[in-house]
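Asks: Provided below are the primary sequence and the corresponding predicted coordinates.
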Amino acid sequence: MKAAAFAYHRPADVAEAVRLLGEYGDDAKILAGGQSLVPMLAMRLTHFDNLVDISRLTELNDIDRRGDEVRIGSATPHALVGMDDEVAESVPLLTLATPHIGHFQIRTRGTLGGAIAHADPAAEYAAVALALDATIEATSPRGTREIPAGEFFTGLWETSLASDEILTAVRFPVWPGRCGFAVQEFARRHGDFAIAGAVVGIQLDYDNRVSRCGIGLLGLGSTAKRAAAAEAAVLGSPIGSITDEEIGRLAMSELTDVPTDLQGSAAYRTRVGAAMVARAWKQASMEACNA
């Protein structure tokens, strides 16, 4: 199939882009890398009268360490995120997650902001943003506002962005001290959407107690999730006082909308998800203990 007809706009800057969104409202859609949007348009799963292409806006393609945060422009391609030395040093969970995103062609064209704004439940960057308490910057004709990652994802392919807002950047906190990070996911083939997966960050104090942790889940609901019950159970406890398998079970305990589809039943996804959390927790724990 081919996409239905649409008007194509290439704004010169963010100000013009948000003006176009304000003018066309729900009839407009941002086009960044296009790796998610273009196939949906081609299969006529969605349609917009106007596409606003921000892929060539250089002001949205940058990586900048600012104190205890790394700010990444929304049009920065996955491939650049994955190979950037500053990201690898300051937010290693992004570096670990990037190779799991599709294939190298997708990582070359797809963008960090596009992946997060698309809000696919199996999106790795969305799970990383949740686990690390990232902050999303959204720009509209009214100015720029900050949205905590925990308030950003509202449903399947839905976010708290207004119709005239553009996701312009994401700020990821830099975790200091003794930390460990890991990403584990299971898919039928490499590059396919994950059936279930987990991203884990652990920070230890010098008594080997968990002083900070984040567990993001993907493929296990209508959006990426955060495993709040598992995090609460281990926070302040000596590392290893709760088994990896128990942490995996706790991470699944609050899930209420695990999907059943052609890839597997909800029960199957839950078992796989628990195993992915357990493996990621073990790997991150070992790294933190050796830091």
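Replies: Good, I have the coordinates. Residues are numbered from 1 along each chain as shown.
Asks: tell me the mean pLDDT for stretch 19-39?
Replies: In this model, stretch 19-39 has a mean pLDDT of 88.
Asks: Same question for stretch 188-200.
Replies: Here the average pLDDT along stretch 188-200 is 92.
Asks: What of stretch 264-276?
Replies: 97.
Asks: what residues does it touch?
Replies: Residues outside stretch 264-276 that contact it (Cβ atoms under 8 Å, 6 or more residues apart in numbering) are 184-186, 195-198, 217, 219-220, 245, 248-249, 251-252, 255, 258-260, 263. (Each C-beta comes from the backbone N, C-alpha and C, glycine too.)
Asks: what's the helix or strand encompassing Arg107 packed up against?
Replies: Secondary-structure assignment from DSSP states H and E places Arg107 in helix 104-109. Using 3 or more Cβ pairs under 8 Å, 6 or more residues apart in numbering; DSSP states H and E, the elements in contact with helix 104-109 are helix 78-83.
Asks: which residues make contact with the helix it packs on from outside it?
Replies: Against helix 78-83 from outside (Cβ under 8 Å, 6+ apart): 61, 63, 72, 87, 94-95, 98-99, 101, 104, 106-108, 110-112, 115.
Asks: could you redo the last one with a cut-off of 6 Å?
Replies: 87, 94, 98, 101, 107-108, 110, 112 (Cβ atoms under 6 Å, 6 or more residues apart in numbering).
Asks: Between these, identify the one with the most neighbours.
Replies: Leu112 (31 neighbours; other Cβ atoms under 10 Å).
Asks: what's Met40 in contact with, if anything?
Replies: Thr46.
Asks: That one in helix, strand or coil?
Replies: helix (DSSP: H, G, I helix; E, B strand; the rest coil).
Asks: swap in Gln184?
Replies: Under three-state DSSP, Gln184 falls in the strand class.
Asks: so what's it up against?
Replies: 198, 276, 279-280.
Asks: Val234: which of those is nearest?
Replies: Taking Cβ to Cβ as the measure, Val234 sits nearest to Ala280 out of these, at 13.1 Å.
Asks: wait, doesn't that closest one sit right on Ile202?
Replies: No - in this structure, Ala280 is not within contact of Ile202 by Cβ atoms under 6 Å, at 9.7 Å.
Asks: now the contacts of helix 78-83 as CSV including distance to Arg145 and pLDDT?
Replies: Listed next are the contacts of helix 78-83 as CSV, based on distance: Cβ to Cβ, whole Å; pLDDT from 0 to 100:
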residue, distance to Arg145, pLDDT
Val87, 24, 98
Leu94, 23, 98
Thr98, 27, 97
Ile101, 27, 94
Arg107, 29, 92
Thr108, 31, 92
Gly110, 25, 92
Leu112, 19, 97
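Asks: closest to Leu235 among those?
Replies: Nearest to Leu235 among the contacts of helix 78-83: Leu94, at 22.9 Å, using Cβ to Cβ.
Asks: Can you tell me the element that closest one falls in?
Replies: Going by DSSP H and E, Leu94 is part of helix 92-97.
Asks: And the pLDDT for the residue sitting furthest away from the middle of the chain?
Replies: What lies farthest from the middle of the chain is Asp207; by Cα atoms, centre = their mean that is 31.5 Å. According to the prediction, Asp207 has pLDDT 95.
Asks: Please report phi then psi for it.
Replies: Backbone torsions of Asp207, given as degrees, to the nearest 10, read phi -100, psi 10.
Asks: So which of the contacts of Gln184 sit within strands?
Replies: Among the contacts of Gln184, the ones falling in strands (DSSP state E) are Ala198.
Asks: and the two most separated of the contacts of Gln184?
Replies: Ala198 and Arg279 (7.9 Å).
Asks: Which one's more surrounded, the two?
Replies: Ala198 (34 against 19).
Asks: So the more buried one is in contact with Ala280, correct?
Replies: Yes - the pair Ala198 / Ala280 is scored as a contact, 4.6 Å apart, by Cβ under 6 Å.
Asks: quick revisit: ok, the contacts of helix 78-83 vs Ala131, which is closest?
Replies: Scanning these for proximity to Ala131, where the rule is Cβ to Cβ, the winner is Leu94, at 10.7 Å.
Asks: Check which helix or strand the nearest residue to the closest one once chain neighbours are set aside maps to.
Replies: Distances taken as Cβ to Cβ, 6 or more residues apart in numbering place Val87 nearest to Leu94, at 5.3 Å, with adjacent residues excluded. Using DSSP H and E, Val87 sits in helix 85-90.
Asks: and that helix, how far from the chain's centre?
Replies: In terms of Cα atoms, centre = their mean, to the nearest Å, the centre of helix 85-90 is found 17 Å from the chain centre.
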